[in-house]
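A.B. asks: I'll drop the sequence and a predicted model, then ask my questions.
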Amino acid sequence: FPGGQVSDFSARFRTFSLEREDLVTDLFQFLMPGFGPVLPEGAVGEGDSWTGERVFQLPFLRVDMMSRNALVGLKSTYKVKKIKEKKGRVEVTIEEDREVDYQGWIDVYYGSVFLKGKGKGSGEWVIDVNRGVVLLHKVSMEVDQPEVTKAGEKDPLGGIRATATLKFERKLEKLEGE
């Protein structure tokens, strides 16, 4: 990914054969922020920090989403928590505090809603510097009292008090060929 930013994400299956074309949007929205953190320009050591921003946006493919976009906008502060050598490689643990701008579609059994709001979150990255891969990534984001709009409607519902909590974790167990 050029310049440390993910520039392309596409499914490895034929999207036109899916019965739920909205899955492509969901995959993009939840997987793109997890490819890698915004890395600093120069060298950093334990205790150093930097900031970075990422925006991931894609139109929802469902007609009843009324031309809305999926969006995850992140303004993050990163801090190197730990640097250690393990099995001859250098592993860096990075803490992340983030401000979140979120627009997302939630499809539940009794209905579908579109959430739009701002919030905060935190995360942890463990990166194998030698191989340039993310070994572990954990993140939690919370959007307090987002606007809630029923799928197919133009205006948000009134009197809704909601909190959306998004949690994501992934861990690389083994690379092929090792």
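C.D. replies: Structure received. This structure is a prediction, so every number in the text was calculated from the model and none was measured.
A.B. asks: how about the strands in this structure?
C.D. replies: In order along the chain, the chain carries the following strands (DSSP state E): 49-59, 69-86, 89-108, 111-128, 133-144, 147-150, 163-171.
A.B. asks: spatially central, which residue of the chain would that be?
C.D. replies: P33 (3.1 Å; Cα atoms, centre = their mean).
A.B. asks: tell me if I'm right that G111 and G152 touch.
C.D. replies: No: with contact taken as Cβ atoms under 8 Å, G111 and G152 are classed as non-touching, separated by 10.2 Å. Heads up, the C-betas are built off the backbone N, CA and C, glycines and all.
A.B. asks: and those two? Which one has more around it.
C.D. replies: G152 (12 against 9; other Cβ atoms under 10 Å).
A.B. asks: how near is that one to R68?
C.D. replies: G152 sits 11 Å away from R68, taking Cβ to Cβ, to the nearest Å as the criterion.
A.B. asks: again with G158
C.D. replies: According to Cβ to Cβ, G158 stands 19 Å off from R68.
A.B. asks: quick one: which of the two has more around it?
C.D. replies: When neighbours are counted by other Cβ under 10 Å, R68 comes out ahead of the other of G158 and R68, with 18 against 6.
A.B. asks: and the pLDDT for that one?
C.D. replies: Here, the pLDDT recorded for R68 equals 80.
A.B. asks: give the contact list for it.
C.D. replies: For R68, the contact set (Cβ atoms under 8 Å, 6 or more residues apart in numbering) comprises P59, F60, Q103, W105, F114.
A.B. asks: state the distance from the closest residue in space to the first one that isn't next to it in sequence to F56.
C.D. replies: Taking Cβ to Cβ, 6 or more residues apart in numbering, and ignoring the residues beside it in sequence, P59 has N69 as its nearest neighbour in space, at 5.3 Å. The gap separating N69 from F56 is 10 Å, by Cβ to Cβ.
A.B. asks: out of those two, which sits in the busier spot?
C.D. replies: F56 (18 against 14).
A.B. asks: give the burial count for the closest residue to the more buried one other than its chain neighbours, as a bare number.
C.D. replies: Leaving aside its chain neighbours, F56 sits nearest to M32 (4.2 Å; criterion: Cβ to Cβ, 6+ apart). M32 sits with 17 neighbouring residues when counted by other Cβ under 10 Å.
A.B. asks: surely M32 and V55 touch.
C.D. replies: No: look at M32 against V55 with Cβ under 8 Å: they stay out of range, at 9.7 Å.
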